[in-house]
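>>> return a 3D structure for these sequence lines:
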Amino acid sequence: MSISSERPVSAEQIYAALTALAAEPVADPEKRPEGPQEEDRLHLLGSLLAKTELEITAATRLTGEEEEIEDVLETLLGWGEQVGADPGLAVNVLTNRLQRTAVQVSEPEAEELPPGREAAFAAVMTAVYTLGAQLHADRGDTEGTRHALSGAEEALIDILQGIHDLRIAIGDAPGPEEQTDD
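Residues are numbered from 1 along each chain as shown. The predicted model follows:
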């Protein structure tokens with residue numbers, strides 16, 4: 001079943017799910033005396049997503065034990081059952097998740113990222129661009145594929161630069177001022 005054919009979950013339903021999980025956000029009674037509204041839907045979905053991710057994280061901490069990896073695989077089975085057999089939808093969901101991760105890694109409020117976070121952001125964006133390139137290629141969109149591959153290549157360069165900058169920061173590589181002209 002395509003996600004577009006399903007009726008969207010309402011803000012009220014999402015709020016009820018959060019309440020059932022004891023994770024409902026505190027509503028400002030002056031701003032929302034009548035409770036959650038449809039314009040709150042995405043915010044509430046983000047809260048529900050965070051609660052779900054926290055529950056999964058608490059249940060599947062990885063220490064290398066085989067049973068814990070099986071727990072992660074079990075959550076993936078549940079995920080797959082919900083997404084269904086549509087590979088395009090699965091890639092769209094993965095891309096959306098990666099984009100959220102990239103924004104979270106990038107610390108939008110920060111003026112400049114530490115080099116390790118910059119490299120991590122670029123790594124996530126490399127995955128986003130590469131998945132996008134494959135989607136374009138699958139559709140026969142050569143120009144879209146080229147554009148996405150260019151983004152992936154730029155992000156790869158940023159990964160290497162971030163890793164190098166972090167090596168400079170810990171003294172494993174000379175900084176620009178330490179290099180001499182031969």
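>>> looking at this protein, which helix or strand is least sure?
The least trusted helix or strand in the chain, going by mean pLDDT, DSSP states H and E, turns out to be helix 66-83, with a mean of 85.
>>> residues of the helix or strand following it that come out buried?
Read in the C-terminal direction, the helix or strand following helix 66-83 is helix 87-105, with elements assigned using DSSP states H and E. Of the residues in helix 87-105, those buried by neighbour count under the rule 16 or more other C-beta atoms under 10 Å are 95, 98, 101-102, 105. Where you see a C-beta, it was placed from the backbone N, CA and C, and this is true even at glycine.
>>> please apply the same query to stretch 59-71.
Counting neighbours by 16+ other C-beta under 10 Å, stretch 59-71 gives Asp71 as buried.
>>> which other residues reach that stretch?
Residues outside stretch 59-71 that contact it (C-beta atoms under 8 Å, 6 or more residues apart in numbering) are 72, 75.
>>> figure out how far that stretch is from the centre of its chain.
21 Å (C-alpha atoms, centre = their mean, to the nearest Å).
>>> what's the end-to-end length of stretch 72-91?
19 Å (C-alpha to C-alpha, to the nearest Å).
>>> how near is Glu65 to Val72?
Glu65 sits 11 Å away from Val72 when distances are taken as C-beta to C-beta, to the nearest Å.
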